[in-house]
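>>> return a 3D structure for these sequence lines:
(one chain, ligands or ions: 4)
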Amino acid sequence: MKITKDLYQGSLALLTDFYQLTMAYAYWKSGKAEQEAVFNLFFRKHPFQGGFTLAAGLDYVIDYCKNFKFGKEDIHYLSEMKDKDGERLFDPGFLDYLSNMKFTCDIDAVEEGTVVFPNAPMIRVKGPLIQCQLLETPLLNIFNFQTLIATKAARINLAAKGEPVLEFGLRRAQGIDGALAASRASYIGGCTSTSNVMAGKLFGIPVSGTHAHSWIMSFETELEAFEAYADAFPDQCIFLVDTYDTLNGVKNAIKVGEALRSRGKEMVGIRIDSGDLAYYSNKAREMLDEAGFPDAKIVASNDLDEHIITSLKGQEASINVWGVGTKLVTAFDQPALGAVYKLSAIRIENGTYVPKIKISQQSLKINVPGFHNVKRYYSKGMAVADMIYLEDQEINPKGIVIIDPIDSTRRKRIMPYFYQEEILLKPIFREGKQVYTSPDLSTIRNRAASQLESLDKTHKRMVNPHLYPVGLEENLHHLRTELVLKAQKLDQKDEK
Ligand SMILES: Nc1ncnc2c1ncn2[C@@H]1O[C@H](COP(=O)(O)OP(=O)(O)OP(=O)(O)O)[C@@H](O)[C@H]1O
Ligand SMILES: O=P(O)(O)OC[C@H]1O[C@H](OP(=O)(O)OP(=O)(O)O)[C@H](O)[C@@H]1O
Ligand SMILES: O=C(O)c1cccnc1
Ligand SMILES: [Mg+2]
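Ligands and ions are numbered 1, 2, ... in the order given. This next block holds a predicted model:
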């Protein structure tokens, strides 16, 4: 196993579920491989019982699609696969087809850092059925995780109310790629920095950190350890004060802070990593203020998340920097987003697209059919509603009614005249050619911040957030209802 070199042999084409390949083979065999189809990627419920979700992962998706190609080793591996009789599973003609396959899809997607809501597509893929199908698993893999972590980070940063949140997750993250992607998504969600140096190198995220208990324990005394650290980094001293006795640790930090000051340097602060963080931060604040260090920061860490941060704020803890690891990068209380990827239309011989629906007992699970997009309406910079609409249908400019996809009695009238609007799915690829370039990560992070600003605070609260209106435009609602009724009739016929 070579994890440091060539693990992926330059190709991620096999990073997919086996059933995508068996379907791909069957599509090819039945002559349907190149039939045009439309798929949408969306989720049904916000994570963390929240009122918003923050999209992330598009730059990975772009890279994945740009490099979408079955390499020699991939084809070799597939050619060796056997069925239960020991015969080759895949016809050489199919493997030939795969090795010559070029990515030719149209992709539209929400930009990274966009606030998104249930049932509205985050990605729309249109292209040959076989390609759309093969993209399902990797697109979900990328978007589900990064969107989840960006959302968690946004929640934690909202709880910190603008105070810096340092991401410390690498040691507890879900493996190597999980850690890197989590650092990137955390930065998009508002974190100030990462402790993961490789994420710093690869993505340009600011890197920062303090020091560990082991540093203190390697010396005879805590004071000596602080002094030695101050010698090495006179401008960046954040002393971890809780190795032995937290308040005594604060005293030692003050001593070394005074020595630094006599050399014209200023201690940055202290870190507390255990015990009652409200009690110790308040005590430490009093001691630091009294000793003439009112600007010294107090960093807190230890299994923090948005709920503990909110509680500590409620207790008026004197913490001004938050170090957050495990619960952020593992999305501890909800480890998966659950976005899905569903076929919504297919092109038939006469060139028209037939909208498709999947019936379910739960109306929540009935997809939105057709070739649609999402429009967000803003009033004075604040988001008021999202409308899912059919791209090829005229929308009544005088007044629109959007209808909740789960409960059709919930409706909202929109006067587009009064609002600014933004089409959320932007063209990313056209016939396989990239037509969109991802902005740099700090621009994405700024977009996330301004998107969150545009969302009323009632949707951002942690407990029982207010539901943001997302609805189907009338024509789309009627189409969906018609298709559901038709499908149910078909069902009844089958039963007879
Ligand atoms: N004042 C507080 N209010 C609410 N939660 C707090 C407060 N102080 C600390 N916490 C949280 O309570 C939990 C304490 O966990 P735990 O008892 O395992 O830590 P500890 O024993 O203090 O530290 P360690 O085990 O690292 O020495 C942590 O998640 C911490 O963030
Ligand atoms: O708590 P997190 O949010 O994951 O933040 C990162 C943690 O990692 C470090 O210690 P580690 O947990 O390795 O050891 P400790 O618990 O004994 O301090 C650090 O001191 C934090 O406590
Ligand atoms: O720099 C730190 O303080 C740090 C880094 C990783 C994990 N815990 C703390
Ligand atoms: Mg810990």
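>>> count of neighbours near the residue of the stretch 1-150 of the chain found nearest ligand 1?
For the stretch 1-150 of the chain, the residue positioned closest to ligand 1 under CB to the nearest ligand atom is Phe48, at a distance of 16.8 Å. Heads up, the C-betas are built off the backbone N, CA and C, glycines and all. Neighbouring residues of Phe48 were enumerated by other CB atoms under 10 Å; the total is 20.
>>> so which bits of this structure are right by ligand 1?
Ser274, Gly275, Asp276, Leu277, Ala278, Asn302, Asp303, Leu304, Ile308, Ser311, Leu312, Gln315 (CB under 6 Å from any ligand atom).
>>> can you rerun that using 5 Å?
Counting by CB under 5 Å from any ligand atom, the residues of the chain lying close to ligand 1 are Ser274, Gly275, Asp276, Leu277, Ala278, Asn302, Asp303, Ile308, Ser311.
>>> surely the residue of the stretch 1-150 of the chain closest to ligand 1 is within a strand?
No. The assignment for Phe48 is helix, going by DSSP: H, G, I helix; E, B strand; the rest coil, so no strand is present there.
>>> leaving out the residues flanking it, which one is nearest to it?
Gln334 (5.4 Å; CB to CB, 6 or more residues apart in numbering).
>>> excluding chain neighbours, give the residue nearest to Asp83 in space.
Across the structure, with CB to CB, 6+ apart as the measure, the residue nearest Asp83 apart from its sequence neighbours is Leu89 (5.0 Å).
>>> the one you found against Lys82, yeah?
Yes. Shown here, Leu89 and Lys82 form a contact pair, counting by CB atoms under 8 Å, at 6.0 Å.
>>> neighbour count winner among these two?
Summary of the neighbour comparison: Leu89 and Lys82, criterion other CB under 10 Å, with Leu89 having more neighbours (15 against 10).
>>> identify the residues contacting that one.
By CB atoms under 8 Å, 6 or more residues apart in numbering, the contact list for Leu89 reads Tyr25, Leu78, Met81, Lys82, Asp83.
>>> same check, this time on Ile130
Contacts here follow CB under 8 Å, 6+ apart; on that basis Ile130 touches Ala24, Tyr27, Trp28, Lys32, Ala33, Glu34, Met101.
>>> so for whatever helix or strand the second one lives in, what gets flagged as buried?
Remark: Tyr27 resides in helix 18-29, with elements defined by DSSP states H and E. The neighbour-count criterion (16 or more other CB atoms under 10 Å) identifies Gln20, Leu21, Met23, Ala24, Tyr25, Tyr27, Trp28 as the buried residues of helix 18-29.
>>> please apply the same query to stretch 305-325.
The neighbour-count criterion (16+ other CB under 10 Å) identifies 305-310, 312, 317-325 as the buried residues of stretch 305-325.
>>> and if you look at stretch 398-409?
With the criterion 16+ other CB under 10 Å, stretch 398-409 contains buried residues Ile400, Ile402, Ile403, Asp404, Pro405.
>>> repeat for stretch 355-373
By neighbour count, with 16+ other CB under 10 Å as the criterion, the buried positions of stretch 355-373 are Pro355, Lys356, Ile357, Ile366, Asn367, Val368, Pro369, Gly370, Phe371, His372, Asn373.
>>> same deal with stretch 168-186?
Going through stretch 168-186 with 16+ other CB under 10 Å, the ones that come out buried are 168-170, 172-173, 178-186.
>>> that one and ligand 3, are they touching?
Yes. Part of stretch 168-186 sits near ligand 3 under the criterion CB under 5 Å from any ligand atom, namely Phe168.
>>> quick one: residues contacting the residue of the stretch 151-300 of the chain found nearest ligand 3.
For the stretch 151-300 of the chain, the residue closest to ligand 3 is Gly209, as judged by CB to the nearest ligand atom, at 2.6 Å. Shown in contact with Gly209 (CB under 8 Å, 6+ apart): Leu166, Phe168, Ser195.
>>> how about a cut-off of 7 Å?
Neighbouring residues of Gly209 by CB atoms under 7 Å, 6 or more residues apart in numbering: Ser195.
>>> pick the one among the buried residues of helix 18-29 closest to Ile205.
For the buried residues of helix 18-29, the minimum distance to Ile205 (CB to CB) is 32.5 Å, reached by Gln20.
>>> the closest one contacts Thr137, correct?
Yes. Gln20 sits in contact with Thr137 when judged by CB atoms under 7 Å, with a separation of 5.8 Å.
>>> just to revisit the earlier point, biggest separation within the buried residues of stretch 355-373, which pair?
Distance extremes for these: the farthest pair is Ile366 and Asn373 at 19.2 Å, using CB to CB.
>>> over to the nearest residue to Phe293 once chain neighbours are set aside: give its phi and psi.
With sequence-adjacent residues excluded and distances taken as CB to CB, 6+ apart, Phe293 is closest to Gly257, at 5.7 Å. The phi and psi torsions at Gly257 (degrees, to the nearest 10) take the values phi -60, psi -40.
>>> again, but for Leu89
Here the main-chain torsion angles of Leu89 (degrees, to the nearest 10) amount to phi -70, psi -40.
>>> again, but for the one 5 residues further on
The phi and psi values for Phe94, taken as degrees, to the nearest 10, are phi -70, psi -40.
>>> which residues touch it?
Neighbouring residues of Phe94 by CB under 7 Å, 6+ apart: Tyr25, Trp28.
>>> now do 8 Å
Neighbouring residues of Phe94 by CB under 8 Å, 6+ apart: Ala24, Tyr25, Trp28, Lys29.
>>> any idea which of the residues you listed is closest to Leu467?
For the contacts of Phe94, the residue nearest Leu467 by CB to CB is Ala24; the value is 39.2 Å.
>>> was I right to think the closest one contacts Cys132?
No. Using CB under 8 Å as the test, Ala24 is too far from Cys132 to be in contact (10.3 Å).
>>> I'd guess the residue nearest to Phe48 is in a helix, am I close?
No. Using three-state DSSP, the assignment for Gln334 is coil, not a helix.
>>> isn't it right next to Leu148, touching?
Yes. Contact between Gln334 and Leu148 holds when scored by CB under 8 Å: they sit 7.4 Å apart.
>>> higher neighbour count, those two?
Looking at Gln334 and Leu148 with other CB under 10 Å, you find the greater number of neighbours at Leu148, namely 27 against 17.
>>> helix, strand or coil for that one?
Applying three-state DSSP: Leu148 is helix.
>>> okay, now the nearest residue to it once chain neighbours are set aside: neighbour count?
Nearest in space to Leu148, with sequence neighbours left out and distances taken as CB to CB, 6+ apart, is Leu337 at 4.3 Å. For Leu337, the count of nearby residues is 23 (other CB under 10 Å).
>>> good, we can wrap up now.
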